[in-house]
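1. take this sequence and fold it.
(2 chains, ligands or ions: 2)
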Amino acid sequence: MDFGFILSQSLTQAIGVTAIIYCLAAIGLNVQFGYGGLLNFGQVAFVAVGAYAVGATVISVGSSLWLGVAIGIILAIVLALLLGIPTLRLRADYLAIVTIAASEIIRFAAKSSDFLGGAQGTTGAIGADFYALNPLPEWDRFEFGPISFTRVDMWVVLVGWCLIALVTLLTWALMRSPWGRVVKGIREDEDAVRSLGKNTYLFKIQILILGGVFGALGGMMSAISRGSVQPDGFVPDFTFFLYVMLILGGTARVMGPILGAAIFWFLLVFVEQVLKEGVSSGLITFISTTQIGPIRFILVGVGLMLLMIFRPQGILGDRKELMLDAR
Amino acid sequence: MPADTTIGTTAVAALAELQPEPGIAKPDPILIADHVVRQFGGLRAVDVTHLEVQRGAITALIGPNGAGKSTFFNVISGFDTSDEGSWTYNGQTITNTAPNTLARKGLVRTFQLTKSLSRLKVIDNMRLGASGQTGESIFPAVFKFTWGRQESEITERAMNLLERFNLAAKAQDFAGSLSGGQRKLLEMARALMLNPDLIMLDEPMAGVNPALKQSLLDHIRDIREEGTTVMFVEHDMDMVRDVSDWVVVMAQGSIISEGTPLDVMRDPRVIDAYLGAHHDSALTESGQSLTESTSKEADA
Ligand SMILES: Nc1ncnc2c1ncn2[C@@H]1O[C@H](COP(=O)(O)OP(=O)(O)O)[C@@H](O)[C@H]1O
Ligand SMILES: [Mg+2]
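-> Ligands and ions are numbered 1, 2, ... in the order given. Got it, this is the predicted structure:
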């Protein structure tokens, strides 16, 4: 078994573009759920809106990518308002129901819309404007120990991680401020915060918007890097993976979603590669190559169960803090 | 009575002149409620014809369990919606106004079931109470220089209050690690961060040990001396007699009696209400304690 290869594949995925996309969306979910306690079960809707905004603007309309980025941010804000205004005055579970429904509505609507490419989605040079800015030297590959990227991937990954750093810095600055204190207070007990004179409704709308825009940025990165937008990439599982990453890294921790997303993709690819090598080298005989896909998720699920038993607060969480709730 | 200029004593003096009867007008009311009704299905949980709360005084709201005291607090403070009625605060109509709006106007309440924010530090619970914070707007929040100075002023005020409530040593602990009694103290201290004009305390002494109770009573008196009107719900008649200037008695949603502690404890309607609510053995006990306290007062 070639562990060098497996490790390099897994590490590349851990910091690669897929992890970046999920990471941005998970940071958004951390703002909403981790800090604010909002049960957003449709974060993928914001990712889809971001992806389709740039995809349709560039491919269907033939306009510039940057216009698409602006439209994506505006649409994410509009979606947050549409979801939040009717539900955030009600009990917490209403938002959960409405967001999961909205994410499916958006997926099916996109699937049946010719403008958005229907079931095939939108494919083409969505990221052309972005790649034209690539300042990197014309090398074949960019190598860092076991990890290597092509010039194009390197540019995406570089910008992606800068974006993550920016969004994380913003989250950190907000969460140490009095604004962040109100948001965390809402998570603990909204009525108590209202009794102290804060308009909690406004704060909840703000975190829904902020987290939604972060998610849309993830969607844009996905459309740009893949050169296509597929409606079936935006299934509810996406949001549940985000929750897994958050819990893995530690909710309401600034670095939680970053660590969570990286470890999640590392493990998923690592398990997949080990199984693949095992099967092809004849070490593992009781499964076939087609079963590897589902089995890696089973193993990741088992791993998560172990995490919940031995470290329920996640990697960065504080167990003492978690136990305060178990009154 | 010797002439005294503090608000508290003049308010008390004014109250002592009044006829003890339900719905009586006060010389300087901060809160006036009219025909406030709250129904749960067929149950009229609150049905208050008229109530005025004297500014600068400590008013106790007593009554058997289920009398509608908490529901009345909830309605007045905007956490519940009334079916009928209207009420004014400082002369302004505030019928069914949002609680956060009321809190900013200086009408602040605490809850029967304590609402401490567990996974926030004690000091952050306190800071959250301060109003008018620049750093609570999302854009300035990003830049600490816009709110840093205000934050240290707030922290200083918070620490002073914590000191008064014997919680200073706990400032950096999570509020969730406090005992039940300490949480009651914290909730009261936190409400004071808003500099309220009228503070409504729902059973501030429930679950607080006797030693702490005495200091809580002192705090309530201090709050009045600083010019804040206090209205509080309490079951322990000794506590009520000790601290309150005026007592309002509720039973089955309505106000059945009002007066100084002494008047109220002599009122046969009050004794009836308590007797009616407690059956058998508990009945005689509370009956005794009511008459006992009355006779003690009369002897003095
Ligand atoms: N949310 C509610 N739904 C239905 N009934 C309620 C509700 N809240 C209070 N009640 C009823 O209203 C009455 C008054 O309750 P409450 O105000 O809590 O009494 P108190 O605080 O005086 O003990 C009780 O009979 C209680 O069962
Ligand atoms: Mg009550």
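
2. look up how far residue A:276 lies from residue A:288.
-> 11 Å (C-beta to C-beta, to the nearest Å). For the C-beta atoms, the positions are set from N, CA and C on the backbone; glycine is no exception.

3. more neighbours: those two, which one.
-> For the pair residue A:288 and residue A:276, the greater number of neighbours falls to residue A:276 (17 against 9), based on other C-beta atoms under 10 Å in any protein chain shown.

4. check which helix or strand that one maps to.
-> helix A:256-280 (DSSP states H and E).

5. can you give me the buried ones in that helix?
-> Neighbour counts using 16 or more other C-beta atoms under 10 Å in any protein chain shown place A:256-277, A:279 of helix A:256-280 among the buried residues.

6. again with stretch B:128-142
-> So for stretch B:128-142, counting by 16+ other C-beta under 10 Å, buried means B:128, B:129, B:130, B:133, B:134, B:135, B:136, B:137, B:138, B:140, B:141, B:142.

7. just stretch B:73-85 next, same as before
-> The neighbour-count check on stretch B:73-85 (16+ other C-beta under 10 Å) flags B:73, B:74, B:75, B:76, B:77, B:78, B:79, B:80, B:82, B:85 as buried.

8. which residue ranges of the chain form strands?
-> Going with chain A. A:122-123, A:141-144, A:147-150, A:228-229 (DSSP state E).

9. wait, chain B
-> Listed in chain order (using DSSP E), the strands of chain B are B:29-40, B:43-54, B:58-62, B:84-89, B:92-93, B:107-109, B:198-202, B:229-233, B:246-251, B:254-259.

10. if we can go back for a sec, tell me which two of the buried residues of stretch B:73-85 sit farthest apart.
-> When those are compared pair by pair using C-beta to C-beta, the farthest-apart members prove to be B:79 and B:85, with a separation of 15.5 Å.

11. how about low-confidence regions in the stretch 151-300 of chain B?
-> Counting by pLDDT under 70, the stretch 151-300 of chain B contains low-confidence residues at B:275-300.

12. what's the most distant pair in the buried residues of stretch B:128-142?
-> In the buried residues of stretch B:128-142, the most distant members under the criterion C-beta to C-beta are B:129 and B:142, with 22.9 Å between them.

13. my read: residue B:57 touches residue B:224, true?
-> Yes - using C-beta atoms under 8 Å as the test, residue B:57 is close enough to residue B:224 to be in contact (7.2 Å).

14. re the thing from before, for the helix holding residue A:276, name the packing helices and strands.
-> Helix A:256-280 is packed against helix A:3-15, helix A:17-29, helix A:236-249, helix A:292-310, with contacts defined by 3 or more C-beta pairs under 8 Å, 6 or more residues apart in numbering or on different chains; DSSP states H and E.

15. let me have those helices in JSON lines, adding distance to residue B:32 and mean pLDDT as columns.
-> Putting these into JSON lines (distance: least, C-beta to C-beta, whole Å; pLDDT from 0 to 100) gives the following:
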{"stretch": "helix A:3-15", "distance to residue B:32": "66", "mean pLDDT": "89"}
{"stretch": "helix A:17-29", "distance to residue B:32": "48", "mean pLDDT": "97"}
{"stretch": "helix A:236-249", "distance to residue B:32": "50", "mean pLDDT": "94"}
{"stretch": "helix A:292-310", "distance to residue B:32": "55", "mean pLDDT": "86"}
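
16. looking at these, which is buried most?
-> Across these, averaging neighbours per residue (mean count of other C-beta atoms under 10 Å in any protein chain shown) puts helix A:17-29 on top, at a mean of 28.

17. that one packs against which elements?
-> Using 3+ C-beta pairs under 8 Å, 6+ apart as the contact criterion, the secondary-structure elements in contact with helix A:17-29 are helix A:43-55, helix A:151-175, helix A:200-226, helix A:236-249, helix A:256-280.

18. pull up the residues of the stretch 1-150 of chain B that are close to ligand 1.
-> Residues of the stretch 1-150 of chain B lying near ligand 1 by C-beta under 6 Å from any ligand atom: B:40, B:43, B:45, B:63, B:65, B:66, B:67, B:68, B:69, B:70, B:71.

19. which residues does the spatially closest residue to the fourth one that is not a sequence neighbour bridge with?
-> Spatial nearest neighbour of residue B:63, chain neighbours left out: residue B:250 (3.7 Å); criterion: C-beta to C-beta, 6 or more residues apart in numbering or on different chains. Assessed by DSSP bridges, residue B:250 has beta-bridge partners residue B:255.

20. residue B:220 versus residue B:250, what's the distance?
-> As for residue B:250, its distance to residue B:220 is 20 Å (criterion: C-beta to C-beta).

21. could you do residue A:210 as well?
-> Using C-beta to C-beta, residue A:210 is found at 41 Å from residue B:220.

22. tally of neighbours for the nearest residue to residue A:101 once chain neighbours are set aside?
-> Among residues not flanking residue A:101 along the chain, residue A:42 sits closest, at 7.5 Å (C-beta to C-beta, 6+ apart). Burial of residue A:42, expressed as a neighbour count using other C-beta under 10 Å, amounts to 29.
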